[in-house]
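Asker: With the sequence up front, the predicted model follows.
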Amino acid sequence: MQQEIRKQVIKNAYMHGGKADISSVVGKLISINPDAKKDMKTLMGTIRKYVDEVNAMGADQLEEIVNTEYPDILIKEKKEERHELPDLPGVNGSVVMRMAPSPSGPLHIGHSRMAILNDEYVKRYGGKLILRIEDTNPGNIDPDAYTMIPEDLKWLGVDVTETVIQSSRMEFYYSEAKRMISEGYMYVIEENQQEFHDLKLKKVPVKERDADPSVNLEKFDKMISGHYSEGEAAVVMKTDINHPNPSIRDWIAFRINTTEHPLTGSKYSVYPTMNFSVSVDDHYLGLTHVIRGIDHLVNTEKQKYVFMYNNWKIPEYFHYGFITIPDTILKTTIIKEGIKSGKYSGWDDIRLGTLKALKKRGYNPETFRKYWVRSGMNKSNATFSWEIFDSMDREIIDYNTERYSFVPHPELISLQNAEPLKSHALLHPQRPDSGFREYSIPAQASVYFPGDEIDKINEGEVIRLKDLCVAVKKGNKLVYSNIEPEGRVKIIQWAPENSGDIQIFHPDGNIDKGKLEPLATEKRGVVQLERYGYVNLDGKNGYFLHK
RNA sequence: GCUCCGGUGGUGUAGCCAGGCCAAGCAUUAGGGACUCUCAAUCCCCCGACUCGGGUCCAAAUCCCGGCCGGAGCACCA
């Protein structure tokens, strides 16, 4: 133990400018030998003795001791860290989890967090991932969403085990409601929304709250049969009328909405609220764990009353924090209006933050998984980083992405080469055996060159046309040179004279027009256009992915 | 206004429940270098942080008290 103390003091001093610190050394020693805690006085005394001794040494003496007695201090260890989601508590063999969107439109990048976190755990533990479409507000449904949402999930690599559509379960919700009304947990009100809200604020119960259940049952039957109009009656779940949070005091469980439903038409007009249908479904579908955003934190508290009244086992709940996604259009209403007005071409317009748009730009679906696993499920509010996201995407795609040449703002330049030239360029610099591109350039030919780069080259300056030849600037021109330059010179891409036109659309709305080398004309999918960036090619259009 | 959740390098996070192995780890951006016929990829280097004050303790990013800052909910939307 004395030897270990001495070693740690010397190590600490060596790594911190020759001065050891008692606190740091004691911490290290206790981690090595926790029993030493029992006699702190002695330990402190011993350490202080060695610290004083070592701190009085000169740098030479300290280094001498390290080199002769403790050379392993010099070995630097790099710590590695694996990025995984933490284990879930309360797992009993397998899990049942869910993804529960409202069908107002397709998924966007924010939704992908919930989808992937839930999917990751089902993949880890086994069990079920339930896609539950929560379409109990007929006024806010896009019929196309019923197919767009499963498509988006499939693209993300999320494996849905079972799909449930809430509008197909109304009779079941009604029978659950009747049971809970007759058991005294729910009641029917005839006050309007404002009156009910005001009473709650004052902690005053509605007069029907304690009526005989048979009275409330009768009123519920009248609601279902269409006796009331919108706003004239609603079903309420009893909670605690004196709860410190006013929104938790007796919440609405069913309301009347006579809008036609895209799937059920006008068959129903009494719809459950989210807090009722979610509670009932979570129980009967056997949910074990629920992961969702922090905006649902209060809803979790409300829903627990349903579980408590029915003696149902409560799932484990996790809420992740609010995340701001900068420079990204996500709001469904804004997008819909834009599509209608012609501003956006559709849900996959690359200026949007929908998954369809990000897919069109060429993002790899694995990037989403990697980003959200790395972010985890902590409750902090955060800002999404496109920089980190793009870096992850590059890491995933680069090795398999072929290189081609694109010339933005092209100008034809005459090289004045006396002899024909031949270019030879690899499809991938790290994989030379994966192929190459070659072009023959006849004598006295012209090639396309980026117009805005010419002015950046000085008179007499020598450059390389990448994989083709050396050229020198004379006047306003670039002329072929057969003199190999010394040292490094600028390397700039070009394209042959028979290259075709292409437009490259950027997510900020800018469009670059230029020439794409002929061997890329039939290429589809993500490529790297050298010195320009990664682009998803689609005929005469390309969609800019990232640099 | 009421209720709740947070705050760790520019950004995103690990660590916090169970004080010591953290004079804080990892990633990414910025900056520098190597390699290099790409403004790419890869490798190396560098820079930079526990919201503030107090308490407890040999020892606090971690526990306790108070302030400050940020966010969410308060719909008969989800």
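Answerer: Good, I have the coordinates.

Asker: Just the C-alpha atoms of stretch A:39-48, please, in PDB.
Answerer: Extracted C-alpha coordinates of stretch A:39-48, given in PDB (Å, rounded to 0.1, in the frame of the first residue of the first chain):
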ATOM      1  CA  ASP A  39      -9.100   5.500   8.300                       C
ATOM      2  CA  MET A  40      -9.000   8.700   6.400                       C
ATOM      3  CA  LYS A  41      -6.800  10.400   9.000                       C
ATOM      4  CA  THR A  42      -4.000   7.900   8.500                       C
ATOM      5  CA  LEU A  43      -4.400   7.800   4.800                       C
ATOM      6  CA  MET A  44      -4.400  11.600   4.500                       C
ATOM      7  CA  GLY A  45      -1.300  11.800   6.600                       C
ATOM      8  CA  THR A  46       0.600   9.300   4.500                       C
ATOM      9  CA  ILE A  47      -0.400  10.900   1.300                       C
ATOM     10  CA  ARG A  48       0.600  14.300   2.500                       C
END
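
Asker: isn't residue A:322 right up against residue A:378?
Answerer: No: using C-beta atoms under 8 Å, residue A:322 is not in contact with residue A:378, being 11.5 Å away. C-beta coordinates here come from the backbone N, C-alpha and C atoms, glycine included.

Asker: domains of chain A?
Answerer: A:1-74, A:408-496, A:500-546 (the TED database).

Asker: first to last residue in the second one, what's the distance?
Answerer: Counting by C-alpha to C-alpha, to the nearest Å, you get 13 Å between the two ends of domain A:408-496.

Asker: ditto for stretch A:140-147
Answerer: Start-to-end span of stretch A:140-147 (C-alpha to C-alpha) is 16 Å.

Asker: do stretch A:348-359 as well
Answerer: By C-alpha to C-alpha, one end of stretch A:348-359 lies 8 Å from the other end.

Asker: With stretch A:396-408 instead?
Answerer: Start-to-end, stretch A:396-408 (C-alpha to C-alpha) is 26 Å.

Asker: Could you give the average pLDDT over it?
Answerer: Mean pLDDT, stretch A:396-408: 97.

Asker: before we move on, what about stretch A:33-40?
Answerer: Here the average pLDDT along stretch A:33-40 is 79.

Asker: Would you point to the one among the domains of chain A that's packed deepest?
Answerer: Counting by mean count of other C-beta atoms under 10 Å, domain A:500-546 has the highest mean neighbour count of those, with a mean of 18.

Asker: Return the residue spatially closest to the residue in chain A sticking out farthest from the centre, with its sequence-adjacent residues excluded.
Answerer: Distance from the C-alpha centroid of chain A peaks at residue A:418, with 55.4 Å (C-alpha atoms, centre = their mean). With C-beta to C-beta, 6 or more residues apart in numbering as the criterion, residue A:418 has its nearest non-adjacent residue at 6.1 Å, and that residue is residue A:443.

Asker: How is that neighbour assigned, secondary-structure-wise?
Answerer: Under the three-state scheme (DSSP: H, G, I helix; E, B strand; the rest coil), residue A:443 adopts coil.

Asker: low pLDDT regions in the stretch 51-200 of chain A?
Answerer: A:74-80 (pLDDT under 70).

Asker: list the helices and strands the helix or strand hosting residue A:292 packs on?
Answerer: Per DSSP states H and E: residue A:292 is located in strand A:289-293. Using 3 or more C-beta pairs under 8 Å, 6 or more residues apart in numbering; DSSP states H and E, the elements in contact with strand A:289-293 are strand A:95-99, helix A:109-125, strand A:316-320.
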